[in-house]
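[1] Got a sequence here, can you model it:
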Amino acid sequence: MVQVHRNGEIFGDGRGRAARGGRTVLVAGGAGFVGSHLCDALLAQGHRVLCVDSFLTGSHANIQPLLNHPAFRLIEADICHLNDIDEPIDQIYNLACAASPPQYQADPMHTMMTCVQGTGNLLRLAEVNGASLLQASTSEVYGDPEEHPQREEYRGNVSCTGPRACYDEGKRAAEALCFDLYRAGRVDARVARIFNTYGPRMQPDDGRIVSNLVVQALSGDALTIYGSGEQTRSFCFVSDLVRGLIALMNVDPNPGQPVNLGNPGEFTINELAEMVVSMVRCAGEIVYRPLPQDDPQRRRPDITRAEALLGWSPTVPLAEGLRKTIDWFETFLTETKDRRRPKTGPARESEHRTTPVPVGA
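    You can find the predicted model right below:
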C-alpha cells in the first residue's frame, strides 16, 4: 500500500473509505468511447462516478442516460486546467486524450500537454486525496515494433519527430511521470498499455480502422484500406478492455510495471475488411490508398503479464464484437439521418412566400 504524507497526516490509497460503501471514482475522459463504458461499469458496481470531460472528442450522447443517475456527476473541464475537486476521491482513471491519429494530430501541442500537464494535474489530485490512479497508456509507445508480439519490457521503435510523436511521446512521458511518483511513494499509480479497441459508441469520423470500414460499408461506399492491407492489428472489444482496466486498478499489490491490455488475436486489415463486407450487404468495393507516415506494420500484445497478475484475458471473438459494433452503428446512423431529415407537415405561412420578406415583417 502506498502511504502519502501530508501536513503530518498519513493517507492510505483510498480504500479505507471504500470499506464503508462504494468508492468515489473520477473518470477523466468519461464521455469518450472507452470512458463512457467505464462509467457504466463503475456505476453498476455501486460506485459514485465523477466524469470529467472537455468534450473535445467526447460526446454528450454517450453519457446522456447517466445524467439523472444519483451517483453520477458531470464536470466539464480540460484536465490541463483542472481545478481542485470539492469532494474526496478514492480512484482516478485517466482516459483523457484523443486516441485516433486525425484527432490527436489536429492540435499536436494540446495532445502533448494533455498527456504531460494533464496527467501531472491528475497525479497531484491523486496525491492530495491518497487516491489510486490508473493511466491509460497505449500500444503506440512501441511505435513500429521490431519485436513481435510486444512485451512490456520492449522499449519500442518510436519516431520522436514524426506526425504521430505528439501522442506516442506524450504517452511515454505520462508513463514516466506515473512511475516516478510511484517509486517516490507519493501516488499509487498504475499503467495500462491499451491496444486497438472497438465497439459501440466509437465516433463515426474518428479515423480508426474499424469505424472507418463499418461506416463506409453501411453507407454503401468503397472501403478504404491504407497500404497493402497486409499490416496487422489485434482488436479488443470494449467490454473486455473495461474489465481489464478495473482489474488493474484493484489488484493488490500494485504491479509497479506497465500491463498490456488487448486481444492477442492477430488479423490483417484485409481480413478485417473482408469480415465487414461479409456482414454488411450494401458494402462497396475495397480500394487502396498510400500508407500514412510511421504507421505500424504489425501490432499484437503479449498479455502474459495481465493473465498472471490480473487473471484477465479477453473473451469476445472479433466476429461477435464486430456484429455488435455494426448493429450499433446501423442504429446510430439511422437515428442521425432521421434527426437531420426536414420535418413534414403543413407548411407555415413563411414557407409559402416566394418574395423577400421586409426587415421587421
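[2] What's the end-to-end length of stretch 152-171?
    Between the start and the finish of stretch 152-171 there is a gap of 14 Å, counting by Cα to Cα, to the nearest Å.
[3] those helices in the stretch 101-250 of the chain, which residues are they?
    101-106, 108-113, 119-129, 165-183, 209-218, 238-250 (DSSP state H, counting those that start in this stretch).
[4] Could you dump these into CSV with mean neighbour count, distance to residue 90 and mean pLDDT added?
    Where C-beta positions appear, they are placed from N, C-alpha and C, glycine not excepted. Compiled in CSV, those are given as follows (neighbours: other Cβ atoms under 10 Å; distance: least, Cβ to Cβ, whole Å; pLDDT from 0 to 100):
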stretch, mean neighbour count, distance to residue 90, mean pLDDT
helix 101-106, 17, 30, 89
helix 108-113, 18, 27, 96
helix 119-129, 23, 7, 98
helix 165-183, 20, 17, 97
helix 209-218, 22, 33, 97
helix 238-250, 21, 10, 98
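[5] Which of the ones you listed sits closest to residue 92?
    In this view, these are compared for proximity to residue 92 by Cβ to Cβ, and helix 119-129 is the closest at 5.2 Å.
[6] so how far is the closest one off the chain centroid?
    Its chain's C-alpha centre and that of helix 119-129 lie 20 Å apart, by Cα atoms, centre = their mean, to the nearest Å.
[7] any residues touching it, and which ones?
    For helix 119-129, the external contacting residues (Cβ atoms under 8 Å, 6 or more residues apart in numbering) are 4, 6, 11, 14, 26, 28, 79-80, 82, 84-85, 88-90, 92, 94, 131-133, 135, 174, 177-178, 181, 186-189.
[8] quick one, which of the helices of the stretch 101-250 of the chain is nearest to residue 284?
    Using Cβ to Cβ as the measure, helix 209-218 is the one of the helices of the stretch 101-250 of the chain that comes nearest residue 284, at 7.1 Å.
[9] counting contacts, what elements does that closest one pack onto?
    For helix 209-218, the helices and strands in contact under the criterion 3 or more Cβ pairs under 8 Å, 6 or more residues apart in numbering; DSSP states H and E are strand 223-226, helix 269-279, helix 318-340.
[10] Tell me the buried residues in stretch 306-323?
    Residues 306, 310, 312, 314, 316, 318, 321, 322 are the ones in stretch 306-323 that count as buried (16 or more other Cβ atoms under 10 Å).
[11] Adding mean pLDDT and distance to residue 239, write the helices and strands packed on helix 209-218 out as TSV.
    Rendered in TSV, the data for the helices and strands packed on helix 209-218 read as follows (pLDDT from 0 to 100; distance: least, Cβ to Cβ, whole Å):
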stretch	mean pLDDT	distance to residue 239
strand 223-226	96	25
helix 269-279	97	19
helix 318-340	92	8
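[12] Using CSV, lay out these together with distance to residue 248.
    Putting the helices and strands packed on helix 209-218 into CSV (distance: least, Cβ to Cβ, whole Å) gives the following:
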stretch, distance to residue 248
strand 223-226, 32
helix 269-279, 27
helix 318-340, 21
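[13] closest one to residue 285 among these?
    strand 223-226 (7.3 Å).
[14] elements contacting that closest one?
    Here strand 223-226 touches helix 209-218, helix 269-279, strand 286-289, going by 3+ Cβ pairs under 8 Å, 6+ apart.
[15] Give me the distance from that strand to the chain's centre.
    In terms of Cα atoms, centre = their mean, the gap separating the centre of strand 223-226 from the centre of its chain is 23 Å.
[16] Direction included, what does it pair up with?
    When pairing is defined by DSSP bridges, strand 223-226 lines up against strand 286-289 (parallel).
[17] So which bits of the partner strand are buried?
    For strand 286-289, the buried set under the neighbour-count rule, 16+ other Cβ under 10 Å, comprises residue 286.
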